[in-house]
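>>> Sequence first, then the predicted structure, then my questions.
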Amino acid sequence: SLSFGDFEGIFNKISSFLNIFEFNPQGLGEPFLCADILKILSLVKSKQITTWLVTNGTLINDSIARGLVEIGVDKIRISVDSADPGLYAKIKPDSRLEEVIGNISRLNFYKERLKIDYPRLAFNSVVLKSSVVGLVDLIELASSLEVGEVTLIPLVLFSKGMSVKDEQVDFYGDDFKNRFEDLKILAQHKGVELN
């Protein structure tokens with residue numbers, strides 16, 4: 001694993017010859033598993049670099065929530081695929097929607113308490129055939145949690161879990177395009193940007 005000292009050395013070296021505008025400490029894993037993530041984000045933000053990340057939202061405790069707000073991370077994209085707790089648990093077996101909602105509320109608490117507008121919050125939502133009917137509820141949930149953006153993502157097929165062809169939605173078919181237009185109007189009325 002990369003230590004903070006190693007990251008700082010590499011970051012300083014790269015930023016000495018490249019003009020870095022944006023930083024996303026994201027691979028295919030959960031960024032809050034990194035013990036030094038707040039130190040890394042703080043270093044990068046101290047250089048006035050736009051900083052954002054994607055998380056499943058399960059590990060945002062009080063100290064992480066406060067740190068993210070104090071650091072001024074620009075955006076946090078939280079993977080929430082359904083507003084239905086049962087379906088959410090089926091999609092993400094090791095996660096509970098209620099816990100993620102509580103952690104989003106923590107972020108909002110510190111934003112309000114510290115009078116800081118950042119981080120902006122967004123949902124990344126993989127659309128499944130089983131979740132498409134609940135997209136209205138997802139937009140409602142986003143609005144109620146002051147999540148200003150919902151990005152719908154097509155399912156990438158894998159061989160395990162719910163990532164199977166039977167769950168794939170045709171984003172280019174008339175059914176989804178028409179539904180999307182209706183959802184976009186609802187989202188606009190709720191103060192949510194739908195992508």
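Arrived safely.
>>> where exactly do the helices run in this protein?
4-17, 37-45, 62-71, 85-91, 97-114, 135-144, 174-190 (DSSP state H).
>>> and the fifth one, C-alpha only, in PDB?
Coordinates of each C-alpha in helix 97-114 appear next as PDB, following Å, rounded to 0.1, in the frame of the first residue of the first chain:
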ATOM      1  CA  LEU A  97     -29.400   2.000   2.400                       C
ATOM      2  CA  GLU A  98     -30.400   3.400   5.800                       C
ATOM      3  CA  GLU A  99     -26.700   3.500   6.800                       C
ATOM      4  CA  VAL A 100     -25.700   5.400   3.600                       C
ATOM      5  CA  ILE A 101     -28.600   7.900   4.100                       C
ATOM      6  CA  GLY A 102     -27.300   8.500   7.600                       C
ATOM      7  CA  ASN A 103     -23.800   9.100   6.300                       C
ATOM      8  CA  ILE A 104     -25.100  11.600   3.700                       C
ATOM      9  CA  SER A 105     -27.000  13.300   6.500                       C
ATOM     10  CA  ARG A 106     -23.700  13.600   8.400                       C
ATOM     11  CA  LEU A 107     -22.100  15.400   5.500                       C
ATOM     12  CA  ASN A 108     -25.100  17.700   5.300                       C
ATOM     13  CA  PHE A 109     -24.900  18.300   9.000                       C
ATOM     14  CA  TYR A 110     -21.200  19.500   8.800                       C
ATOM     15  CA  LYS A 111     -21.900  21.500   5.700                       C
ATOM     16  CA  GLU A 112     -24.600  23.400   7.600                       C
ATOM     17  CA  ARG A 113     -22.700  23.600  10.900                       C
ATOM     18  CA  LEU A 114     -19.500  24.900   9.300                       C
END
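>>> Mind listing the strands the lengthiest strand in the chain pairs with, and their directions?
For the chain, the strand that runs over the most residues, judged by DSSP state E, is strand 120-127. With DSSP bridges as the test, strand 120-127 is paired with strand 75-79 (parallel), strand 149-154 (parallel).
>>> quick one: the longest one to chain centroid distance?
This means strand 149-154. Taking Cα atoms, centre = their mean, to the nearest Å, one finds the center of strand 149-154 at 10 Å from the center of the full chain.
>>> what about it, average pLDDT?
For strand 149-154, the mean pLDDT works out to 96.
>>> who's in contact with it?
77, 120-127, 135, 138-139, 142, 168-169, 171, 180, 187, 192-195 (Cβ atoms under 8 Å, 6 or more residues apart in numbering). The way it works is simple: take the backbone N, C-alpha and C, and place the C-beta from them, glycine included.
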